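Enquirer: Build me a structure from this.
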Amino acid sequence: LFGQESNGSTWALCRMNMFLHSFDSARIEWCDTLNSPLLVENDRLMKFNCVVANPPFSLDKWGAENAESDQYTRFWRGVPPRSKGDWAFISHMVEIALEKEGRVAVVVPNGVLFRGAAEGRIREKMIEENLLDAVIGLPGNLFPTTNIPVAILVFDRSREKGGVREECKNVFFVDASREFVSNKNQNTLSEAHIDKIMKTYTARDEEEKYAHVAEFTEIKENDFNLNIPRYVDTFEEEEEIDIDVVQVEIDDLEKELAAVRVKMAEKLKEIQR
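Expert: Numbers count the residues shown, from 1 in each chain. You can find the predicted model right below:
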């Protein structure tokens, strides 16, 4: 088990957690993942079976000025904007996943799914490489630091040429944003909600208003925009309105209003006497 973290307090908490859960051999480094990673062997980034993270959302000043000269060439697909480091973290995570077998799961703000320019180009290249496996939309207000809705992006390098899943060319979309436990300060996902998400992802089947399998051509037609409502239709039809019935109700209300105005006028006259 390996990890790296730039915030000293968070790093110390992580080390303590490892000790409390008997993972004494876990290697947790205190460093800047994007600019000076320490999980390195023989001057190369270490590779892993599974890579997971909840990186800071849209990190400003993440080190874009150093990205083009990155000694590990993590940003060869493009350099993300200076003010939004989301795709920088994703690029790093994909590069440290083992070729043809490593998997990545990362929590991101929804803007990552559809923002254009440099981010759009990086997103397009990763989809064209057949790396993206799933997009799972989650509710807003899950985190104490922000109330924005988020998503989980799942990348699977076994979908690369030569991997065991290279024939899988689609992306699985799950909209789990409407199912949560509403609490006073923060929303949460119950075990039942998490179990449903996992079972749906594992089965990879279409489910009306919840899950959709999008082929590459469909995503390309959407200009590689991954905004979940483009793929999972959650529109609820409203009940048809009978205009004649509504008009009768309006007429009745206007008659009641006229009667009330007459009574008010009479009361005002009595008060003025």
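Enquirer: Point to the residue nearest the middle of this structure.
Expert: Geometric centre of the chain, nearest residue: residue 151, 1.4 Å, by Cα atoms, centre = their mean.
Enquirer: distance of it from residue 139?
Expert: To residue 139, residue 151 is 11 Å away according to Cβ to Cβ, to the nearest Å. All C-beta atoms are positioned from the backbone trio N, CA, C, and that covers glycine.
Enquirer: Give me the mean pLDDT for stretch 178-192.
Expert: The average pLDDT for stretch 178-192 rounds to 92.
Enquirer: Number the residues from 882 up from this point.
Expert: New numbering, starting at 882: the last item is stretch 1059-1073.
Enquirer: in this structure, which ranges drop under the pLDDT threshold?
Expert: 1116-1120, 1154 (pLDDT under 70).
Enquirer: Show me the strands in it, by range?
Expert: 883-886, 908-911, 921-922, 925-926, 931-934, 984-990, 1013-1018, 1031-1037, 1052-1056, 1092-1095 (DSSP state E).
Enquirer: Now render those strands as TSV, adding distance to residue 1006.
Expert: What follows is those, written out as TSV (distance: least, Cβ to Cβ, whole Å):
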stretch	distance to residue 1006
strand 883-886	25
strand 908-911	29
strand 921-922	25
strand 925-926	19
strand 931-934	18
strand 984-990	15
strand 1013-1018	11
strand 1031-1037	12
strand 1052-1056	14
strand 1092-1095	18
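Enquirer: And the ones you listed: which comes nearest residue 894?
Expert: strand 883-886 (9.1 Å; Cβ to Cβ).
Enquirer: neighbours around residue 977, how many?
Expert: Residues lying near residue 977 (other Cβ atoms under 10 Å) number 21.
Enquirer: any idea how far it lies from residue 942?
Expert: On the measure of Cβ to Cβ, residue 977 and residue 942 end up 23 Å apart.
Enquirer: What of residue 890?
Expert: 20 Å.
Enquirer: go on, residue 1112?
Expert: Taking Cβ to Cβ, one finds residue 1112 at 33 Å from residue 942.
Enquirer: more crowded one of those two?
Expert: residue 1112 (22 against 9).
Enquirer: so that one sits right up against residue 1095, yeah?
Expert: Yes: using Cβ atoms under 8 Å, residue 1112 makes contact with residue 1095 at a distance of 5.0 Å.
Enquirer: between those two, what contacts are shared?
Expert: residue 1054 (Cβ atoms under 8 Å, 6 or more residues apart in numbering).
Enquirer: need the longest helix for the chain.
Expert: Looking across the chain with DSSP state H, the single longest helix is helix 1124-1153.
Enquirer: burial of residue 925, as a residue count?
Expert: 10.
Enquirer: which one is it nearest to, not counting chain neighbours?
Expert: In space, residue 925 comes closest to residue 953 once its chain neighbours are excluded; the distance is 7.3 Å by Cβ to Cβ, 6 or more residues apart in numbering.
Enquirer: all helices in the stretch 932-1081 of the chain, in order from the N-terminus.
Expert: With DSSP state H, counting those that start in this stretch as the criterion, the stretch 932-1081 of the chain has helices at 945-948, 967-977, 992-995, 998-1009, 1072-1084.
Enquirer: ok, residue 1083 - how many residues close by?
Expert: For residue 1083, using other Cβ under 10 Å, the count is 8.
Enquirer: Perfect, I'm done here.
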